[in-house]
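A.B. asks: okay, here's the prediction I keep looking at, along with the sequence it came from:
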Amino acid sequence: VRGAGNQWGTSMIGFKGREDLGSGLSSFFLLESGFDATKGKTNGDALFNRRSYVGLEGSYGSLKVGKNLFINNDVWFLDPTGQQFIGTANLVHGRNWPGANNVIEYQTPTWGGFNATVQTSLGEQAGSTTKGRKDGVSLVYTNAGLELRAIYDLVRDANGKYGSVNSTGGAGSVFDSSKELILGG
């Protein structure tokens, strides 16, 4: 018998909190880190390498800012395999489970089963609004066990472009910087 770290999903530790500010408004935060339990180290260099955000929530919906998982992670709601080796992860060649830095995310309240989330990640390059930028929207309808979802996102590379191939001309990086539409139920 041997142990393998993060084989069916990452181990996580985190801290979250919520404070009632009155009049139906709350503030919240989440600090979350993935780690490999068999090796005793975090998945990546940052301590809170998955999510670290703050936000406000009220009758108007919620607003988050910070580091979060990118909006195409909403495919988890659709994939019965949990994005494992035989799931939707095969269709996107490593584009599943990405993180996003400098995120601004708004989620509407749910009206009659309909809900929407809009997210932008401003990238990591000062002075540029397109280099490394990620934008997306997730629209969902849920009612009595039925869920229909549409997820559209656009991921730009370090030069602010999408749909490019890698520097050697090989295929594959088109999944790293492209437009993506996922429909499911």
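C.D. replies: Arrived safely, thanks for sending.

A.B. asks: residue 76: how many residues sit nearby?
C.D. replies: 14 (other CB atoms under 10 Å). In short, each C-beta sits where N, CA and C put it, glycine included.

A.B. asks: can you list the residue ranges for helices in the chain?
C.D. replies: Per DSSP state H, the chain carries helices over the ranges 89-92.

A.B. asks: now for it, the helix or strand with the poorest mean pLDDT.
C.D. replies: helix 89-92 (a mean of 61; mean pLDDT, DSSP states H and E).

A.B. asks: my read is that residue 151 contacts residue 138, right?
C.D. replies: Yes: Residue 151 lies in contact with residue 138 (CB atoms under 8 Å); the separation is 4.7 Å.

A.B. asks: what sits in contact with each of the two?
C.D. replies: 71, 74 (CB atoms under 8 Å, 6 or more residues apart in numbering).

A.B. asks: any idea what residue 67 is bridged to?
C.D. replies: Residue 67 has these beta-bridge partners by DSSP bridges: residue 52.

A.B. asks: is it in contact with residue 104, as I believe?
C.D. replies: No: using CB under 8 Å, residue 67 is not in contact with residue 104; the gap is 11.6 Å.

A.B. asks: and those two? which has more neighbours close in?
C.D. replies: residue 67 (21 against 15).

A.B. asks: now the more buried one: how far from residue 128?
C.D. replies: Residue 67 sits 19 Å away from residue 128, going by CB to CB, to the nearest Å.

A.B. asks: try residue 179
C.D. replies: 19 Å.

A.B. asks: neighbour count: the two, which is higher?
C.D. replies: The neighbour comparison of residue 179 against residue 128 (other CB under 10 Å) goes to residue 128, with 15 against 12.

A.B. asks: list the contacts of the more buried one.
C.D. replies: Counted by CB under 8 Å, 6+ apart, residue 128 has contacts residue 160.

A.B. asks: could you pull up phi and psi at it?
C.D. replies: phi -130, psi 140 (degrees, to the nearest 10).

A.B. asks: that one and residue 102, how far apart?
C.D. replies: 12 Å.

A.B. asks: which pLDDT does the model give the residue nearest to residue 62 when sequence neighbours are not counted?
C.D. replies: With CB to CB, 6 or more residues apart in numbering as the criterion, residue 62 has its nearest non-adjacent residue at 4.9 Å, and that residue is residue 107. On the pLDDT scale, residue 107 is placed at 97.
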